[in-house]
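Asks: The sequence isn't on hand, but the structure is:
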């Protein structure tokens, strides 16, 4: 078979309600050279029974049962078992459209790229009520003069498009090179992986395929929703801190454009964290940022930037916190 093997990795925890639709979408793919690795992460509902039944009647499915360790660990477990040249991660409540893998493999092959990203439709819970169609521009991004995934990374931070790994098909060697996901993170783990990929492999070609190939389900039960509603969510800051450390530890791979990109995001994130009461985490981030030896980015409003420029992060935030309290009291 001339088609490269694609490994579809699905971590699952208590998704008996949605899992059959997800698996049916995978089995209905027009692309034939496909293995489906389902890692049950210690489910307590009927998920493992469903997975077992599917694996018994379909040779494409590899079923794995583990103790509960979280999504990152489950994805990494699947990655170790994967034999495919390309990897696609899928949540256990999402639905791939029939030509998804075929289109993304064709895009990679045609453009001689190692990473492909596609469009998606967001649906609300089981009713499949359309929320928004999130498209991306259709083009090949070839890093030039150290641009390093900038267009790709911008899509992750873009609230309108919000790229996730579920829309990505990626060469396995890239993931192996950075040892997969950081399993200590419980949020913003995909951002951390994207950044480490950019640091370690700066000259990888990325193709953006505009067609909608994924139906992504949104619901109150989802981890992403729960994290967004937490008043004090440290995961974005911790993810950027770890990416900053990773950059600083890979001296031979340093690139100034990517350095500014990461540490700019880190600085902005730590200012918000400080104001949200995550003072200890913000100060830890500050000392990592300080190691970059970069100037503070431009902040808004203007007097925030002035305070940070003259006083430095710690004293600026102390004074600004007093100013905010006084303003509130009025």
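Replies: That came in fine, so what should we check first? Everything quoted here is computed from the prediction, not taken from an experiment.
Asks: Quick check: mean pLDDT of the one helix or strand residue 193 maps to?
Replies: Residue 193 is part of helix 189-200 when elements are defined by DSSP states H and E. Averaged across helix 189-200, the pLDDT comes to 90.
Asks: what do you get for stretch 77-92?
Replies: The predicted confidence, averaged over stretch 77-92, sits at 97.
Asks: what about that stretch, start to end distance?
Replies: 15 Å (CA to CA, to the nearest Å).
Asks: So which residues make contact with the helix holding residue 193?
Replies: Contacts with helix 189-200, where a contact means CB atoms under 8 Å, 6 or more residues apart in numbering, come from 71-72, 148-149, 152-153, 156, 164-165, 174-175, 177-178, 180-182, 185, 204, 235-236, 239-240, 242-243, 246-247, 250, 253, 258, 262. C-betas here are computed from N, CA, C, even on glycine.
Asks: gap between the helix or strand residue 8 falls within and the chain center?
Replies: Per DSSP H and E: residue 8 is located in strand 6-12. Counting by CA atoms, centre = their mean, to the nearest Å, strand 6-12 is centred 15 Å from the centre of its parent chain.
Asks: Show me what that strand packs onto, helices and strands only.
Replies: Applying 3 or more CB pairs under 8 Å, 6 or more residues apart in numbering; DSSP states H and E, one finds that strand 6-12 makes contact with helix 19-27, strand 34-41, helix 71-81, strand 86-89, helix 100-111.
Asks: try 7 Å this time
Replies: If contacts are counted by 3 or more CB pairs under 7 Å, 6 or more residues apart in numbering; DSSP states H and E, strand 6-12 sits against helix 19-27, strand 34-41, helix 71-81, strand 86-89.
Asks: State the mean pLDDT of that strand.
Replies: Across strand 6-12, the average pLDDT comes to 97.
Asks: strands paired with it, and their directions?
Replies: In its sheet, strand 6-12 lies beside strand 34-41 (parallel), strand 86-89 (parallel), with partners assigned from DSSP bridges.
Asks: Quick check: the residue most central in space within the chain vs residue 181, distance?
Replies: Among the residues of the chain, the one closest to the centroid is residue 190, at 2.2 Å (CA atoms, centre = their mean). Residue 190 is 8 Å from residue 181, where distance means CB to CB, to the nearest Å.
Asks: Other residues contacting the helix or strand where residue 320 lies?
Replies: Residue 320 belongs to helix 313-329 when assigned by DSSP H and E. Helix 313-329 has contacts (CB atoms under 7 Å, 6 or more residues apart in numbering) with 271, 274, 286, 304, 307, 308, 311.
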